[in-house]
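Engineer: fold the stuff below for me.
(2 chains)
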Amino acid sequence: MRPYEVMYILQPTLSAEEQTALVDRFNDLITSMGGTVEKVDRWERRQLAYEIKRCRDGYYVVVEFQGDPALETEMDRQMKLTEPLLRHMIVRRDEH
Amino acid sequence: MTTGEGSPRPARDRGERGERGGRGGFRRSRPKVCQFCVDKVQSLDYKQLDRLTPMITERGKIKSRGQTGTCARHQRWVAAAIKRARHMALLPFVNR
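Structural biologist: Next comes the predicted model:
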């Protein structure tokens, strides 16, 4: 198990319920693959530094979790396939 | 050749105030201490925008060490963090 942190940006057009559904989906993925969610930080709607998919702002979500490298790969794959997700990045938390 | 008082050009001095270096290039007097060392920064995260925004120019470029006085070690951290922050649209790639 390794400590990871994922940050992703949700499309601003999503309703509060749709956002929660997506966040829950990814958190469920973590637990289903033997990982543990340690902290979920949902930022308020924030302006993007540049346009992504014609969006000027978005909802940022930061999740700290523990998991195996296989989970990281699977999460990255699924996030790439999720349309209302503007951007995501998974980083190791134990680097410097 | 010496430069007299009433010389038309105000002398190509040898760095009286350290403003001009050799070969006609401008050398800014720079802060001599690394702000990150002063604050004893042990880790730098891409989410620490309060630390990163002073390190980029109006245009969005990463400021050089000469401009900020940052030490080599911390400059590497800064560069890496800014690049991550750019990916997540927290900082701009270009500011027009």
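Engineer: ok, B:T70 - contacts?
Structural biologist: Neighbour list for B:T70: B:34-36, B:55, B:78 [criterion: Cβ atoms under 8 Å, 6 or more residues apart in numbering or on different chains]. For every residue, glycine as well, the C-beta is placed using N, CA and C.
Engineer: pLDDT weak spots in the chain?
Structural biologist: All of this refers to chain A. A:96 (pLDDT under 70).
Engineer: my bad, the chain I had in mind was chain B
Structural biologist: For chain B (pLDDT under 70), the answer is B:1-31.
Engineer: what does it put close to chain A?
Structural biologist: B:43-44, B:46-47, B:77, B:84, B:86-94 (Cβ under 8 Å from any Cβ of the partner chain).
Engineer: try it again with 7 Å
Structural biologist: B:43, B:84, B:87-93 (Cβ under 7 Å from any Cβ of the partner chain).
Engineer: okay, the lengthiest helix in chain A in PDB with CA atoms only?
Structural biologist: When chain A is parsed with DSSP state H, its longest helix is helix A:16-32. C-alpha atoms of helix A:16-32 as PDB (Å, rounded to 0.1, in the frame of the first residue of the first chain):
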ATOM      1  CA  ALA A  16     -24.700  19.000  -6.400                       C
ATOM      2  CA  GLU A  17     -26.100  15.400  -6.600                       C
ATOM      3  CA  GLU A  18     -24.200  14.600  -9.700                       C
ATOM      4  CA  GLN A  19     -21.000  15.800  -8.200                       C
ATOM      5  CA  THR A  20     -21.600  13.700  -5.000                       C
ATOM      6  CA  ALA A  21     -22.400  10.700  -7.100                       C
ATOM      7  CA  LEU A  22     -19.100  11.000  -9.000                       C
ATOM      8  CA  VAL A  23     -17.000  11.600  -5.800                       C
ATOM      9  CA  ASP A  24     -18.700   8.600  -4.200                       C
ATOM     10  CA  ARG A  25     -18.100   6.500  -7.300                       C
ATOM     11  CA  PHE A  26     -14.300   7.100  -7.200                       C
ATOM     12  CA  ASN A  27     -14.200   6.600  -3.400                       C
ATOM     13  CA  ASP A  28     -16.000   3.300  -3.800                       C
ATOM     14  CA  LEU A  29     -13.500   2.300  -6.400                       C
ATOM     15  CA  ILE A  30     -10.700   2.900  -3.900                       C
ATOM     16  CA  THR A  31     -12.300   0.700  -1.200                       C
ATOM     17  CA  SER A  32     -13.400  -2.000  -3.700                       C
END
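Engineer: now neighbour count too, for the residues of chain B next to chain A, in a markdown table please.
Structural biologist: Below are the residues of chain B next to chain A laid out as a markdown table (neighbours: other Cβ atoms under 10 Å in any protein chain shown):
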| residue | neighbour count |
| --- | --- |
| B:S43 | 9 |
| B:R84 | 18 |
| B:H87 | 15 |
| B:M88 | 22 |
| B:A89 | 23 |
| B:L90 | 21 |
| B:L91 | 23 |
| B:P92 | 16 |
| B:F93 | 12 |
